[in-house]
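Q: Fold the stuff below for me.
(chains A and B)
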There are 2 protein chains.
Amino acid sequence: MTLTETNSWTGIRKELLRRIHSRVWQPGEQIPHEADLAEEFGCARTTVNRALRDLAESGLVVRKRRAGTRVALNPPQRATLTIPIIREEVEATGRTYRHSLLERDFRPLPPMLHGAFPATLSEDVLYLKTLHFADNRPYAYEERYINLNAAPEARDTAFDEVSANEWLVHNAPYSHGDISFFAVSADKTLSRKLDAGSGTALFAMERITWAGNMPITHVHLIFAPGYRMRTEI
Amino acid sequence: MTLTETNSWTGIRKELLRRIHSRVWQPGEQIPHEADLAEEFGCARTTVNRALRDLAESGLVVRKRRAGTRVALNPPQRATLTIPIIREEVEATGRTYRHSLLERDFRPLPPMLHGAFPATLSEDVLYLKTLHFADNRPYAYEERYINLNAAPEARDTAFDEVSANEWLVHNAPYSHGDISFFAVSADKTLSRKLDAGSGTALFAMERITWAGNMPITHVHLIFAPGYRMRTEI
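A: Numbering: from 1, shown residues only, chains lettered A, B, ... in the order given. Just a heads-up that it's a prediction; the model follows:
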């Protein structure tokens, strides 16, 4: 390790990672005490601590107050997924984005959302069907419910210029959400909308977001055939 | 904000997040200078800086040296995926895990991996087919190639007691990898192995991992019908 790298906690982390990956420190093995590492690296103990905390957050080491720090036995593989708005995802591949609003109406909360949107049971929600395009080819089909208490301006928004996918990011930011990924088979509607053979396997995503306790939106996105969601670990 | 929360940068971050989510600070708006925030919160400027750096890493604010810090216009949605070993994933749902090794042989590197495994072009790789079970029901079907230069002990390992999925975590830890998620349609083999109707849409994952420049393994995992990968944002 060069001297410059020890100036920062990220430099220390890099060296600790190297020792874990090269198995200088074996899975399950106890690693030296913070104070000893600080001495070895010629840095403040807080710098070592910061690096160890980061490795612990990533699940690579396990820290116990009295028992010290060990290399994790089964480090979970963590990947960060970036989920951009669809326009940006399409434009990032050099293609032209457009969307088409297929349906927009107010309707009672569907039964599948009674659990997630309890406060809005008695009120209509805004239902939108949107088709996203990349270079005029179908890219993703979107079905969305919006809680009008969380985004009252949605009631008078046409969503023809800016899709709800993008509008909500600016007009009803969320604090947290649940997201899941799965596969669906193209039924008649999906087959027609996404230009997919009937029964084609399609990648799909379902997402609910909240602002505090207030549900904002439920969205179901189904991507055109061949879609892959990629990331690095 | 209570006084105790200002003791830590995470407390400051929480308050900054609250202002962004509640739109006290609008998307695109410039937020107060670091020094002014430090004064407001009665904390060190480095504490505010730490919180802002974290928000910038999450893409929620955009920092420019001269122009100050702005609330991001299109904050990307970032989700952390935890990808545990399959045994732990199954056991976490209270079910019993087992695996069955269906095939194990040495073969030339398949053409689809020539790009990813350039250094091993002239040598055989270990090919494994594994079926993972949850409570004796098929859970996931795995096809894997292992670079024997990266994991020489794999040559003499039977993978009947511990699956390669778990063995590699302990015996050939990786530094980084590429991962992608997509949907596949059950062909004859998948249909039989995973107890799925022919043509069923299945959730699939492909992953390549490296230790530095050395490729370790390529794995293709196809999950039984109904599988969902969940996370929080």
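Q: isn't A:Tyr141 right up against A:Leu131?
A: Yes. Applying Cβ atoms under 8 Å, one finds A:Tyr141 in contact with A:Leu131, separated by 5.7 Å. To be clear about C-beta, it is placed using only N, CA and C from the backbone, and glycine gets the same treatment.
Q: Name the residues contacting each of the two.
A: A:Lys193 (Cβ atoms under 8 Å, 6 or more residues apart in numbering or on different chains).
Q: Of these two, which one has the most company?
A: Between A:Tyr141 and A:Leu131, counted using other Cβ atoms under 10 Å in any protein chain shown, the more crowded position is A:Tyr141 (24 against 17).
Q: next helix or strand past the helix or strand harbouring A:Arg19?
A: Following DSSP states H and E, the helix or strand that holds A:Arg19 is helix A:9-21. Once helix A:9-21 ends, the next helix or strand along the chain (criterion: DSSP H and E) is helix A:34-41.
Q: what about the strands in chain A?
A: A:61-64, A:68-71, A:77-83, A:97-108, A:124-134, A:137-146, A:176-185, A:201-211, A:214-223, A:229-232 (DSSP state E).
Q: can I get those in CSV with distance to B:Ala116 and mean pLDDT?
A: Listed next are the strands of chain A as CSV, based on distance: least, Cβ to Cβ, whole Å; pLDDT from 0 to 100:
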stretch, distance to B:Ala116, mean pLDDT
strand A:61-64, 29, 84
strand A:68-71, 27, 87
strand A:77-83, 18, 72
strand A:97-108, 31, 94
strand A:124-134, 27, 95
strand A:137-146, 27, 96
strand A:176-185, 23, 92
strand A:201-211, 22, 93
strand A:214-223, 24, 94
strand A:229-232, 14, 86
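Q: could those strands go into CSV alongside distance to chain B?
A: Below are the strands of chain A laid out as CSV (distance: least, Cβ to the nearest Cβ, whole Å):
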stretch, distance to chain B
strand A:61-64, 13
strand A:68-71, 9
strand A:77-83, 4
strand A:97-108, 13
strand A:124-134, 16
strand A:137-146, 13
strand A:176-185, 4
strand A:201-211, 4
strand A:214-223, 8
strand A:229-232, 4
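Q: Can you give me the domain assignment for chain A?
A: A:4-71, A:86-223 (automatic domain parsing).
Q: With distance to B:Gly94 as extra columns, can I get those in TSV?
A: Output for those, formatted as TSV (distance: least, Cβ to Cβ, whole Å):
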stretch	distance to B:Gly94
domain A:4-71	22
domain A:86-223	19
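Q: Check the ones you listed for me and report the most buried one.
A: Each of these was scored by mean neighbour count; the highest is domain A:86-223, a mean of 17, by mean count of other Cβ atoms under 10 Å in any protein chain shown.
Q: Kindly check the end-to-end length of that one for me.
A: 11 Å (Cα to Cα, to the nearest Å).
Q: How about stretch A:80-90?
A: 19 Å.
Q: Give me the distance between A:Ala140 and B:Thr209.
A: 29 Å (Cβ to Cβ, to the nearest Å).
Q: Over to A:Arg63?
A: Distance from A:Arg63 to B:Thr209, by Cβ to Cβ: 25 Å.
Q: now A:Thr231
A: For A:Thr231, the distance to B:Thr209 - Cβ to Cβ - is 13 Å.
Q: Quickly check: the helix holding A:Arg19 near chain B or not.
A: Yes. Remark: helix A:9-21 sits within contact range of chain B at A:17, A:20-21, by Cβ under 8 Å from any Cβ of the partner chain.
Q: want to throw those into TSV with pLDDT?
A: Shown next, in TSV, are these (pLDDT from 0 to 100):
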residue	pLDDT
A:Leu17	80
A:Ile20	80
A:His21	71
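Q: Which one of these is nearest to A:His218?
A: A:Leu17 (39.1 Å; Cβ to Cβ).
Q: Enumerate every residue touching that closest one.
A: Residues counted as contacts of A:Leu17 (Cβ under 8 Å, 6+ apart) are A:55, A:60, B:175.
Q: what about stretch A:104-122, how long is it end to end?
A: Note: stretch A:104-122 ends 19 Å apart using Cα to Cα.
Q: and what of stretch A:176-192?
A: End to end - Cα to Cα - stretch A:176-192 spans 33 Å.
Q: Stretch A:147-156 now?
A: Counting by Cα to Cα, you get 13 Å between the two ends of stretch A:147-156.
Q: That stretch near chain B at all?
A: No. On the criterion Cβ under 8 Å from any Cβ, stretch A:147-156 is out of touch with chain B, staying 11.7 Å away.
Q: who touches that stretch?
A: Against stretch A:147-156 from outside (Cβ under 8 Å, 6+ apart): A:117, A:119-120, A:123-126, A:146, A:164, A:167-168, A:171-172, A:211, A:214-217.
Q: Any idea how far that stretch is from the middle of the chain?
A: 24 Å (Cα atoms, centre = their mean, to the nearest Å).
Q: Show the average pLDDT along it.
A: The average pLDDT for stretch A:147-156 rounds to 90.
Q: How about stretch A:26-43?
A: 88.
Q: Need the contact partners of it.
A: Residues contacting stretch A:26-43 (Cβ under 8 Å, 6+ apart): A:1, A:6-7, A:12, A:15-16, A:19, A:25, A:44-45, A:47-49, A:52, A:61, A:67-75, B:169-170, B:173.
Q: go again using 6 Å as the cut-off
A: For stretch A:26-43, contacts defined as Cβ atoms under 6 Å, 6 or more residues apart in numbering or on different chains pick out A:6, A:12, A:25, A:45, A:48-49, A:68-71, A:73, B:170.
Q: Endpoints of it, how far apart?
A: OK, stretch A:26-43 end separation, Cα to Cα: 24 Å.
Q: Could you verify my assumption that A:Pro173 touches B:His21?
A: Yes. Counting by Cβ atoms under 6 Å, B:His21 is a contact partner of A:Pro173 at 5.4 Å.
Q: That concludes my questions; thank you for your assistance.
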